[in-house]
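Trainee: below are the sequence and a predicted model for it; my questions follow.
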Amino acid sequence: MANIDLRDIEKYFGENYVVRKLNLHIHDSEFVVLLGPSGCGKTTTLRAIAGLEEIDRGDILIDGKAVQSLCPADRDIAFVFQFFALYPHLSAYDNIAFPLRASGQDRSLIDARVREVARAIGIEQLLSRKPSALSGGDMQRVAIGRALVRRPKAMLMDEPIGALDAKLRESMRTELKRLHIENRSTTIYVTHDQVEAMSLADRIAVMNDGVLQQVGTPTEVYRHPKNLFVAQFIGSPVMNVLPGRVHAEGGRIKLFLADAAEGFGFAGPVPPPSAGADDGLIVGVRPEAVQVARDKHAGYVPIEAHLIEPLGAYDIVDLKLGSQFLRARTASGFVAGPGETVWAHVEESQTHFFSSRSGSALDVLGN
Amino acid sequence: MAHVRLEGISKAFGGEVAVSDLDLDIEDGQFFVLLGPTGAGKTTTLRLIAGLERPDSGAVYIDQQNVNRWSPAQRDVALVLQQFSLYPRYTVRENLEFPLKSPARRLARSAIADRVARAAAIVRVEHLMDRKTDRLSGGEMQRVSIGRAIVRQPRIFLMDEPLSNLDAKLREALRADLKDLKVKLGATFLFVTHDQIEAMSMADRIAVLHAGRIAQVGTPYEMYNEPSDVFVAGFVGTPTMNLLKAEIRDGTVFATDGRFEFKLEGAARERFGGANGPLTIGVRAEDILIGPHEAIEAIAHGVENQGVEKIVTLRINDCLLRATVPAAYPIAIENRIRFTFVKERLHGFDAKTGANLRRKQQ
């Protein structure tokens, strides 16, 4: 178990930054997910911690000790990749035992450790099998078992379940989380899949273009995104983002989105008039925060449904807002078909305001 | 616009059967999706319709004409693939003009300009017309690829995983664009994907393929709510449908691994076609209700916060079930909880064949 401290990490290829001024503190036994699109610098960061990649500037500290000049083996860190690098000629048992044998440990001790780890990851009955006789999920369990058996200070994982099918990914997510709760080894996990990040992380570090965008619990990054990138990278369907205008008249506030003629009645806090005065506001609303009704309600606006995507458990309805669309999540079959007019409103407590210039979230009055 | 019909199509490569005795009917103006895992035969089916493969047996009909001997060009279909095949040193305009400049078409300059302008407006690339395609983003490139299919005014659009290389945000936007395109053009679309969300969100009708055969054809609603067998049940929907081994005796269901039981009544009993003995029960995550006074006890084996909702994995002895609850619902790993099923939404599948018992009865 270990604290990992990244201080002003920088890495560049020629003129181009891969990672820029990255500062991140990972607490002992914490599960941190580095999340971002391909090319955002997340894997480079992970490989730098493992010692597989040199950094150009900054310090990597494990338990307060700078390790950037240590070779990977001396950092006491285990690495699990997307593609299970198992020895094909060795049984699952021998694959897991391999790191312990390599360090010349006692036979009975090795046996006890292998069986303990196998029990924890639920592969006791598969120990005698060769990798070729294992399913993808079981192979990845063996790879994780081999990482765990060393009792490393930290586990680093790079998209370890990215290559598995949807059903297996779902169950592996649950198992990885339970494994972490039992073992409590400090874990850094890289993925581009926000569902994995939300499911697994104690904290998520969102990266884009080599720059750390936000660090927070899944609830924090989902409910309080710091900028437009985080707002639209986390959550599915993607958060609606539209130019907006706040209009106060006789103590009542109306929120106009896109070029729609009618504004929503808005009873919640809004940014101070100065915040978006010059270059306008961007308003963000998640599809589940768009309230849709069949009848007229105060503050609701009549809108025509343009498209309906039936996703089974719920529908996504594209509502026509001037020349743009506002996507709403509704109960399955709630809006009968395209062309139907419904009444819509945006939920105040889940409406986000961003600066159209910087993309940063704006503070609202009353908060 | 065209009607496409496949009749008893089989195709093997070497000894490997790719599709086997396939019947398919794609109506004029339909958005039809072929859905299935890798190796199910989706792409082979698409290539057979395009004329890039010849069937070993069976016939392909376009507008009632047997086209088995027709070349791809004669079939007049447009293909859009996962890898955008644009000419990198050409501008967007030149890429869009290209299919129309073929000498076989003999189109007047003004007609070409007109078609290109209309296609560019439909796929929203008008502002990019003079840009070289290697300077475009992935989403823009795929829109140009689709535009290049549109200018040809083909009888059918064939699309093979065109959204797979794009990020989530772009995929969502293009899903809506394609659905919109179908409405605007009134054309026939055949779209191949392994992604059930794409299939559900865009299709008028879906055919689920499994190991070279059609498992089910139906609307997205039917696929989700009336799966014909355990394969479709497990492939469509996320989280995936819970499938548990069980046994029915006199209207009481015993879950074998979970070692718990519950009664079926009325409509719920009918859905199981009066089955007795072993079967597989299917239940969707949203059809499990969690509450303090529900009938069955479980342990929270896993809790995932997805922002809009939480996915809770319930453990009842050796049985794991996934349920969805609102995001604000307070629940933590290893909590004791109680649950029940929305019984009239349960599915029963034959323990051996996997067929939905309700459909078998009809």
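Mentor: Thanks, I have it.

Trainee: contacts, neighbours, all on C-alpha from now
Mentor: Fine.

Trainee: in stretch B:176-193, which residues are buried?
Mentor: In terms of neighbour count (16 or more other Cα atoms under 10 Å in any protein chain shown), stretch B:176-193 has its buried residues at B:176-182, B:187-193.

Trainee: pick out the residue of the stretch 151-300 of chain A closest to chain B.
Mentor: Among the residues of the stretch 151-300 of chain A, A:S199 lies nearest to chain B; the distance is 4.4 Å by Cα to the nearest Cα.

Trainee: circling back to that earlier point, would you turn the buried residues of stretch B:176-193 into a markdown table with distance to A:F353 and secondary structure?
Mentor: Putting the buried residues of stretch B:176-193 into a markdown table (distance: Cα to Cα, whole Å; DSSP: H, G, I helix; E, B strand; the rest coil) gives the following:
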| residue | distance to A:F353 | secondary structure |
| --- | --- | --- |
| B:A176 | 25 | helix |
| B:D177 | 26 | helix |
| B:L178 | 30 | helix |
| B:K179 | 30 | helix |
| B:D180 | 29 | helix |
| B:L181 | 32 | helix |
| B:K182 | 34 | helix |
| B:A187 | 40 | coil |
| B:T188 | 41 | strand |
| B:F189 | 39 | strand |
| B:L190 | 40 | strand |
| B:F191 | 38 | strand |
| B:V192 | 38 | strand |
| B:T193 | 36 | strand |
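
Trainee: who's in contact with residue 212?
Mentor: Picked chain A for this. A:L212 sits next to A:22-23, A:205-206 when contact means Cα atoms under 8 Å, 6 or more residues apart in numbering or on different chains.

Trainee: not quite, go with chain B.
Mentor: For B:G212, the contacting residues are B:17-20, B:22, B:39-42, by Cα under 8 Å, 6+ apart.

Trainee: do B:G39 as well
Mentor: For B:G39, the contact set (Cα under 8 Å, 6+ apart) comprises B:18, B:211-212.

Trainee: try 10 Å
Mentor: Taking Cα atoms under 10 Å, 6 or more residues apart in numbering or on different chains, we find B:G39 in contact with B:18-19, B:194, B:209-212.

Trainee: backbone torsions only: list them for the spatially closest residue to A:E309 that is not a sequence neighbour.
Mentor: In space, A:E309 comes closest to B:S201 once its chain neighbours are excluded; the distance is 4.2 Å by Cα to Cα, 6 or more residues apart in numbering or on different chains. When read as degrees, to the nearest 10, the backbone of B:S201 gives phi -80, psi -30.

Trainee: so which residue of the stretch 51-200 of chain B comes closest to chain A?
Mentor: With distances taken as Cα to the nearest Cα, the stretch 51-200 of chain B approaches chain A most closely at B:M200, which sits 5.6 Å away.

Trainee: next structured bit after the strand or helix carrying that residue?
Mentor: With the criterion set as DSSP states H and E, the secondary-structure element containing B:M200 is helix B:196-202. Past helix B:196-202, further along toward the C-terminus, the next helix or strand under DSSP H and E is strand B:205-210.

Trainee: which elements pack onto that following strand?
Mentor: With contacts defined as 3 or more Cα pairs under 10 Å, 6 or more residues apart in numbering or on different chains; DSSP states H and E, the secondary structure elements packing on strand B:205-210 are strand B:16-26, strand B:31-35, helix B:42-50, strand B:188-193, helix B:196-202, strand B:213-218, helix B:220-225, helix B:230-235.

Trainee: tell me the angle that strand makes with strand B:213-218.
Mentor: Compare the direction of strand B:205-210 with that of strand B:213-218 by axes from the mean of the first three to the mean of the last three Cα atoms, to 10 degrees and you get 160 degrees.

Trainee: from B:V217, how far off is the residue nearest in space to the middle of chain B?
Mentor: Most central residue of chain B, judged by C-alpha distance to the mean C-alpha position with Cα atoms, centre = their mean, is B:A199 at 2.9 Å. Per Cα to Cα, to the nearest Å, B:A199 is found 12 Å from B:V217.

Trainee: between these two, which contacts overlap?
Mentor: Going by Cα under 10 Å, 6+ apart, residues that sit against B:A199 and also against B:V217 are B:32-34, B:205-208.

Trainee: for the residue of the stretch 1-150 of chain B found nearest chain A, helix, strand, or coil?
Mentor: Using Cα to the nearest Cα, the point where the stretch 1-150 of chain B gets nearest to chain A is B:P37, with a distance of 9.0 Å. The three-state label given to B:P37 by DSSP: H, G, I helix; E, B strand; the rest coil is coil.

Trainee: what count of nearby residues applies to it?
Mentor: Counted with other Cα atoms under 10 Å in any protein chain shown, the neighbours of B:P37 add up to 17.

Trainee: could you look up the SS state of the residue in the stretch 251-367 of chain A positioned nearest to chain B?
Mentor: The stretch 251-367 of chain A approaches chain B most closely through A:E309 (4.2 Å), counting by Cα to the nearest Cα. Remark: A:E309 carries the secondary structure label strand [criterion: three-state DSSP].

Trainee: got the contact list for it?
Mentor: Applying Cα under 10 Å, 6+ apart, the residues near A:E309 are A:315-318, A:329, A:332-333, B:175-176, B:179, B:197-203, B:220.

Trainee: same deal with A:L52?
Mentor: A:44-46, A:71-72.

Trainee: could you single out the nearest of those to chain B?
Mentor: The shortest separation between chain B and any of the contacts of A:L52 is 19.9 Å, and it belongs to A:T44 (by Cα to the nearest Cα).

Trainee: give the other helices and strands that the helix or strand hosting the closest one contacts.
Mentor: Counting by DSSP H and E, the secondary-structure element that holds A:T44 is helix A:42-50. Packed against helix A:42-50, as judged by 3+ Cα pairs under 10 Å, 6+ apart, are the following elements: strand A:4-13, strand A:16-26, strand A:31-35, strand A:57-62, strand A:77-80, strand A:154-158, strand A:186-191, strand A:203-208.

Trainee: turn those into TSV, including distance to chain B, mean neighbour count and mean pLDDT.
Mentor: Formatted as TSV, the entries for those read as follows, by distance: least, Cα to the nearest Cα, whole Å; neighbours: other Cα atoms under 10 Å in any protein chain shown; pLDDT from 0 to 100:
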stretch	distance to chain B	mean neighbour count	mean pLDDT
strand A:4-13	21	18	95
strand A:16-26	18	17	95
strand A:31-35	13	26	98
strand A:57-62	29	20	95
strand A:77-80	22	22	84
strand A:154-158	19	25	91
strand A:186-191	13	24	96
strand A:203-208	12	24	98
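
Trainee: that older thread, with pLDDT added, can I get the shared contacts of B:A199 and B:V217 in CSV?
Mentor: Formatted as CSV, the shared contacts of B:A199 and B:V217 follow (pLDDT from 0 to 100):
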residue, pLDDT
B:F32, 98
B:V33, 98
B:L34, 98
B:R205, 97
B:I206, 98
B:A207, 98
B:V208, 98
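
Trainee: ranking the residues you listed by neighbours, who comes first?
Mentor: Counting by other Cα under 10 Å, B:V33 has the largest number of neighbours within the shared contacts of B:A199 and B:V217, with 29 neighbours.
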